[in-house]
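Participant: what shape does this take:
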Amino acid sequence: MHINEPRPQLDHMLRQTRMNLVNFSQIADTKAHILLSLSSVLLSLSLTQVSDPRFTLTIIGLDVFLLITIFFALLTVIGKIKVVGRKKHSIRDVDYSPLFFGNYGDVAYDEYATNFEEIMNDSDLTYEIMVKDIYYAGVYLIRTKYKYIRLAYLYFFISLIISVLIYFTQNLL
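Facilitator: Alright, predicted model coming up:
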């Protein structure tokens, strides 16, 4: 990447883009927390009525989908945790970003500081690192948080629809 003329507008654009990504991440977390709370309360309340024969099948259907909703909402907020097959990062990796803590946690401080010094002394490399960080943060949001929150909402609404359908089928037909 080559920047002909580094200028304040570029810095502002990159800073604003990064702030937007942070806001989108917070929005996804807030939505996930709402779904977690709502699904947990509904699950707790519905379990108190599971022994009533009029509601047993309806509540089982509701609770199965509420548990799936809770699972996806949790995946949204806990982030990507890889225990098995976890890749150790190096500053030479193509997808390495010195701005993302998940990448530099495996790198020795001296190596990290030397690499960061090199980046800060080269304006083109500095901009490239910022663009790379924005790119990977956006990819992460799309592939994890927003994918899981979308699934959580989908299963939440399916739980409501299915439980109502089961109730009406069971009690009105």
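
Participant: in space, not sequence, find me the middle residue of this structure.
Facilitator: Nearest to the geometric centre of the chain sits residue 145, at 2.1 Å (C-alpha atoms, centre = their mean).

Participant: and that residue, what does it touch?
Facilitator: 25, 28, 29, 32, 76 (C-beta atoms under 8 Å, 6 or more residues apart in numbering). Every residue, glycine included, has its C-beta placed from N, CA and C.

Participant: cool, and residue 78?
Facilitator: Going by C-beta under 8 Å, 6+ apart, residue 78 touches no other residue.

Participant: by neighbours, which of the contacts of residue 145 wins?
Facilitator: residue 76 (25 neighbours; other C-beta atoms under 10 Å).

Participant: find the helix or strand that that residue is a member of.
Facilitator: Element membership of residue 76 [criterion: DSSP states H and E] is helix 56-78.

Participant: output that helix as CSV, nothing but the C-alphas.
Facilitator: What follows is helix 56-78, C-alpha atoms only, in CSV (Å, rounded to 0.1, in the frame of the first residue of the first chain):
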residue,chain,number,x,y,z
THR,A,56,-46.5,-29.8,28.0
LEU,A,57,-45.9,-30.2,24.3
THR,A,58,-46.1,-26.4,23.7
ILE,A,59,-43.6,-25.7,26.4
ILE,A,60,-41.2,-28.4,25.3
GLY,A,61,-41.2,-26.9,21.8
LEU,A,62,-40.7,-23.4,23.2
ASP,A,63,-37.9,-24.4,25.5
VAL,A,64,-35.9,-26.3,22.9
PHE,A,65,-35.8,-23.2,20.7
LEU,A,66,-35.2,-20.9,23.6
LEU,A,67,-32.1,-23.0,24.5
ILE,A,68,-30.9,-22.7,20.9
THR,A,69,-31.4,-19.0,21.1
ILE,A,70,-29.5,-18.8,24.3
PHE,A,71,-26.6,-20.8,22.8
PHE,A,72,-26.3,-18.4,19.8
ALA,A,73,-26.6,-15.3,21.9
LEU,A,74,-23.8,-16.7,24.1
LEU,A,75,-21.6,-17.3,21.1
THR,A,76,-22.2,-13.7,20.1
VAL,A,77,-20.9,-12.3,23.4
ILE,A,78,-18.2,-14.7,24.3
